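Novice: sequence? don't have it. structure:
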């Protein structure tokens, strides 16, 4: 409202995002046609008041924000208590090895809701390190507000070498092979047929400690049984494991 020396005479409705004038009401004597004054439309004596930006209802009220870490995956959950004109949330991530924020995903908002709404997103396949997350909430008018997750997520370095069973198995014709390295290692990951002949070389070289995955594509191979073998060497540490998989086309 605009406050004049003799009280409030003009009440304005402004856009919360741009400040543009949307609507107004004026009166020479400070009374509505009903006889109520401009600061108390229901009637009765009252002193003039001044509204500020703090009195504007927030587009989104956050109830809770939580982070859980499972292996090298981070699961994020947040709850809104109410929403007004909420287009959605852009999830941002920053690691202890980076100086800038990166956009991870956009999660559609509910729009308008007077009831609690639960949201979640899983950030898969991260390497060891500490990660910080925040939400950029956007409304349909272009307004934006930032909400920081109260804690960071730490993905720990694997404790040991490991080669996992490919999935899906049988392959038709592709599947994923994962392995972990506790230290920076020289790695060889190869696929052999039942006669022992190498048919695919999936990985060869130096890889950092952490979680790694490769895609086996059997398009050029015949259906049947195959074996994949991981060899890893890091100083005096070494690891070798061979596993069986089935290709069906």
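Specialist: Alright, I've got the coordinates. This is a predicted model, so every value here is computed, not measured.
Novice: Burial check on residue 173, number of neighbours?
Specialist: Counted by other C-beta atoms under 10 Å, the residues lying close to residue 173 total 15. Backbone N, C-alpha and C define where each C-beta goes, glycine included.
Novice: Excluding chain neighbours, give the residue nearest to it in space.
Specialist: Leaving aside its chain neighbours, residue 173 sits nearest to residue 218 (4.1 Å; criterion: C-beta to C-beta, 6 or more residues apart in numbering).
Novice: and if you look at residue 185?
Specialist: Among residues not flanking residue 185 along the chain, residue 234 sits closest, at 4.0 Å (C-beta to C-beta, 6+ apart).
Novice: what sits against the one you found?
Specialist: Contact analysis of residue 234 by C-beta atoms under 8 Å, 6 or more residues apart in numbering lists 181, 182, 183, 184, 185, 186.
Novice: Look up how far residue 157 lies from it.
Specialist: 12 Å (C-beta to C-beta, to the nearest Å).
Novice: mind checking which helix or strand the residue nearest to residue 114 when sequence neighbours are not counted is in?
Specialist: Nearest non-adjacent residue to residue 114, counting by C-beta to C-beta, 6+ apart: residue 82, 5.5 Å away. Taking DSSP states H and E as the criterion, residue 82 maps to strand 73-95.
Novice: quick one: strands adjacent to the helix or strand just after that strand?
Specialist: Per DSSP H and E, the first helix or strand lying C-terminal to strand 73-95 is strand 102-113. According to DSSP bridges, strand 102-113 forms sheet pairs with strand 73-95 (antiparallel).
Novice: Off-centre distance for the partner strand?
Specialist: Put simply, strand 73-95 sits 7 Å off its chain's centre (C-alpha atoms, centre = their mean, to the nearest Å).
Novice: again, but for stretch 194-208
Specialist: Distance of stretch 194-208 from its chain centroid, counting by C-alpha atoms, centre = their mean, is 35 Å.
Novice: residues of the helix or strand containing residue 147 that come out buried?
Specialist: According to DSSP H and E, residue 147 maps onto strand 144-148. Using 16 or more other C-beta atoms under 10 Å as the test for burial, strand 144-148 gives residue 147.
Novice: Could you give the separation of it from the chain centroid?
Specialist: Between the centre of strand 144-148 and the centre of its chain there are 13 Å (C-alpha atoms, centre = their mean).
Novice: Repeat that for stretch 69-84.
Specialist: On C-alpha atoms, centre = their mean, the centre of stretch 69-84 falls 8 Å from that of its chain.
Novice: Work out for me the element the residue nearest to residue 233 when sequence neighbours are not counted sits within.
Specialist: Nearest residue to residue 233, sequence neighbours excluded (C-beta to C-beta, 6+ apart): residue 186, at 4.8 Å. Taking DSSP H and E as the definition, residue 186 sits inside strand 185-193.
Novice: Partner strands of that strand and their direction?
Specialist: Counting by DSSP bridges, strand 185-193 is paired with strand 198-207 (antiparallel), strand 224-234 (antiparallel).
Novice: if I look at the residue nearest the centre of the chain, how far off is residue 127?
Specialist: Nearest to the mean C-alpha position of the chain, by C-alpha atoms, centre = their mean, lies residue 91 at 4.0 Å. Per C-beta to C-beta, residue 91 is found 18 Å from residue 127.
Novice: Ok, residue 177 next?
Specialist: 17 Å.
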